[in-house]
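Asker: Next input, structure requested:
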Amino acid sequence: MMEALDEETLRGRRPVWASMSDLFLDTEVRWQLQFVARACASSPYEPGQLDHILWGEVFPLAIGNLLQVAGEWAMLVLDEPALVRRALHGKRRPLAAWLVGSLVEREWTVVLALIARLRAEPLDRWPIFVQAWDVMLHRYFENPDERLVVSQEPKVEALLTAAFPLAIEWAWFEPLARTLLVGAEAKQATERATEVCAILRLHESR
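Answerer: As a prediction, this is how the structure comes out:
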């Protein structure tokens, strides 16, 4: 019985494992979805394979971090031999994933949409899409009543200089972002969208 992955497979898996583990950090992971998407989009795997890797390999080892009172918030290092064993013999979606998978399921659904978006674009345009999403996510998930912790203006200037179609992209992106709102945040969807339009210098009325 095979008990190891070949080196080519490991090279493809490692950045995917690492990026997916960020979904399980005990912090604001919604700001990181664009980077998870880019790492996964750069991999050789199709969406169904990525779904299997998340639920069958990463989830069983990473979910404990979200179930702790105070989990790791900076970087989650998963045991590679255990990941390999699950890659070889693990189930597609273990029972635990059905029970507590909602802790990351919405984020993963958005990541899959971003992967598809990137793969529909030329590779050299991926960085500008990721940068645009980075600005949008940071402004959308910051408290609308507060100033941004980190200014996004330099990134916005770069996007405007590159003539990136911010209005078109935000119209596509906003419904995805809205699915990630939780609790009382949902009542602020319009206000949050208005803040994004302001920082992107869009002037559509909402």
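Asker: Just want the phi and psi numbers for Asp6.
Answerer: When read as degrees, to the nearest 10, the backbone of Asp6 gives phi -70, psi 160.
Asker: Report pLDDT for it.
Answerer: Looking at Asp6, its pLDDT is 88.
Asker: What of Leu95?
Answerer: In this model, Leu95 carries a pLDDT of 60.
Asker: go on, Arg206?
Answerer: pLDDT, Arg206: 39.
Asker: lowest confidence element among the helices and strands of this structure?
Answerer: Ranking every helix and strand in the chain by mean pLDDT, DSSP states H and E puts helix 95-100 at the bottom, with a mean of 65.
Asker: Packing partners of the helix or strand harbouring Phe173?
Answerer: Remark: Phe173 resides in helix 166-178, with elements defined by DSSP states H and E. Judged by 3 or more Cβ pairs under 8 Å, 6 or more residues apart in numbering; DSSP states H and E, the packing partners of helix 166-178 are helix 102-119, helix 126-141, helix 189-200. Every C-beta, even on glycine, is put in place using the N, C-alpha and C of the backbone.
Asker: Please export the C-alpha coordinates of stretch 146-160 as CSV.
Answerer: Backbone C-alpha positions of stretch 146-160 (Å, rounded to 0.1, in the frame of the first residue of the first chain) are rendered in CSV as follows:
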residue,chain,number,x,y,z
GLU,A,146,-14.0,53.7,12.2
ARG,A,147,-11.1,54.7,10.0
LEU,A,148,-9.1,51.9,8.4
VAL,A,149,-6.4,50.4,10.6
VAL,A,150,-4.1,50.3,7.5
SER,A,151,-4.6,52.9,4.7
GLN,A,152,-5.6,51.4,1.4
GLU,A,153,-5.0,54.6,-0.5
PRO,A,154,-1.7,53.6,-2.1
LYS,A,155,-3.3,50.4,-3.5
VAL,A,156,-6.3,52.3,-4.8
GLU,A,157,-3.9,54.8,-6.5
ALA,A,158,-2.1,51.9,-8.2
LEU,A,159,-5.4,50.4,-9.3
LEU,A,160,-6.6,53.7,-10.8
